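*Asks:* Return a 3D structure for these sequence lines:
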Amino acid sequence: MNIKVDDLSDPRIAEFLEEHMRDMLSVSPPESTHALNLDELKDTAVTFWSVWQGQSLVGCAALKRLDTTHGEVKSMRVSNEFRGQGVARKMLTHLIAYAKQEGFARLSLETGSMAFFDPARRLYESFGFSYCEPFAEYTIDPNSVFMSLELEATAA
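*Replies:* Sure, this is the predicted structure:
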């Protein structure tokens, strides 16, 4: 499996992210869907990774810099064919290591409160993320839960 910083120019990435958005909108009302679109993921505050197995795109993840020490996990997705095979765990491990190298003290995320998101919440909990109040521009929403992880930065 190859995890690489991606410039989002491959059309397979756009298709993968469109599928991600369709999934989110199938279980969350539009006002509670906080996935970034392709243009938003190209923002300089965002680092985006794609995960490949051979020529197959199997996952993606992004980290949005909220300030100098706080980042938000965005766009975590694993293709249906590769779910349950440890791809999300590898992506999250990679993202956390990167965040520590970059000097982040905290990572936060928003995910859905519905049963569809149970596997994601269990993954984040297994890494030590704990439930928290809304952060950044988020507000209390019955369709969202918020989680945060305090980090110890590593020397760059």
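*Asks:* pLDDT-wise, which helix or strand of the protein ranks last?
*Replies:* One helix or strand of the chain scores below all others by mean pLDDT, DSSP states H and E: helix 11-27, with a mean of 84.
*Asks:* I'd like the next helix or strand past it.
*Replies:* helix 38-41 (DSSP states H and E).
*Asks:* List the contacts of that following helix.
*Replies:* Helix 38-41 has contacts (Cβ atoms under 8 Å, 6 or more residues apart in numbering) with L8, I13, A14, L17, V46, F48, A62, K74, S75. Placement of C-beta: from N, CA and C, glycine included.
*Asks:* Show the average pLDDT along that helix.
*Replies:* Averaging pLDDT along helix 38-41 gives 92.
*Asks:* Over to G59. Which of the three states is it?
*Replies:* Using DSSP: H, G, I helix; E, B strand; the rest coil, the structure places G59 in strand.
*Asks:* For it, which non-adjacent residue is closest in space?
*Replies:* If the residues on either side of it in the chain are set aside, G59 comes closest to V51, at 3.8 Å by Cβ to Cβ, 6 or more residues apart in numbering.
*Asks:* got it, and M91?
*Replies:* Nearest non-adjacent residue to M91 (Cβ to Cβ, 6+ apart): A61, at 4.5 Å.
*Asks:* next one: L109
*Replies:* Among residues not flanking L109 along the chain, V73 sits closest, at 4.1 Å (Cβ to Cβ, 6+ apart).
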